[in-house]
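S.K.: Below: sequence and its predicted model.
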Amino acid sequence: MGKIIAVANQKGGVGKTTTAVNVTGALKLLNKKVLLCDSDPQGNATGAMGIDKSRVKAGTYDIMIGRTAAKDAVRHGGSLPACWIISCGISTWGFGSPPC
């Protein structure tokens with residue numbers, strides 16, 4: 001059975017994305033299967049994985065509003081190819097303000 005690790009905090013600038021991306025990398029070094037879910041409208045975890053946010057066709061927002069199934073939004077993580085990611089894209093802006 002898999003384990004879920006959530007990194008969450010309402011305050012910005014506390015290292016949530018950095019922590020999530022680094023834990024993903026560390027678990028990969030331990031040969032663990034990892035799925036990183038990026039739900040931040042800025043999509044910095046998606047970018048950190050080497051994925052161009054503007055090219056994301058289905059992501060977190062699409063899953064949450066029922067537009068797509070999670071299994072259809074999972075993709076291989078660019079810079080960590082043995083990891084998987086549910087990316088954030090421009091459509092995720094529906095849950096927050098677009099990045100400045």
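M.R.: Perfect, I can see it now.
S.K.: ok, now which ones touch the spatially most central residue of the chain?
M.R.: By Cα atoms, centre = their mean, the mean C-alpha position of the chain lies nearest to D38, the distance being 2.2 Å. By Cβ atoms under 8 Å, 6 or more residues apart in numbering, the residues touching D38 are N44, A45, T46, G59, T60, I85, I86, S87, C88. Just so you know, the C-beta spots here come from the backbone N, C-alpha and C atoms, and that holds for glycine as well.
S.K.: How much space separates V14 from V7?
M.R.: 10 Å (Cβ to Cβ, to the nearest Å).
S.K.: go on, K33?
M.R.: Counting by Cβ to Cβ - K33 and V7 are separated by 18 Å.
S.K.: So between those two, which is more surrounded?
M.R.: V7 (16 against 10; other Cβ atoms under 10 Å).
S.K.: So which of the contacts of D38 belong to helices?
M.R.: N44, A45, T46, T60 (DSSP state H).
S.K.: rewinding a little: which of the contacts of D38 has the weakest pLDDT?
M.R.: Least confident by pLDDT among these: that is C88, with 83.
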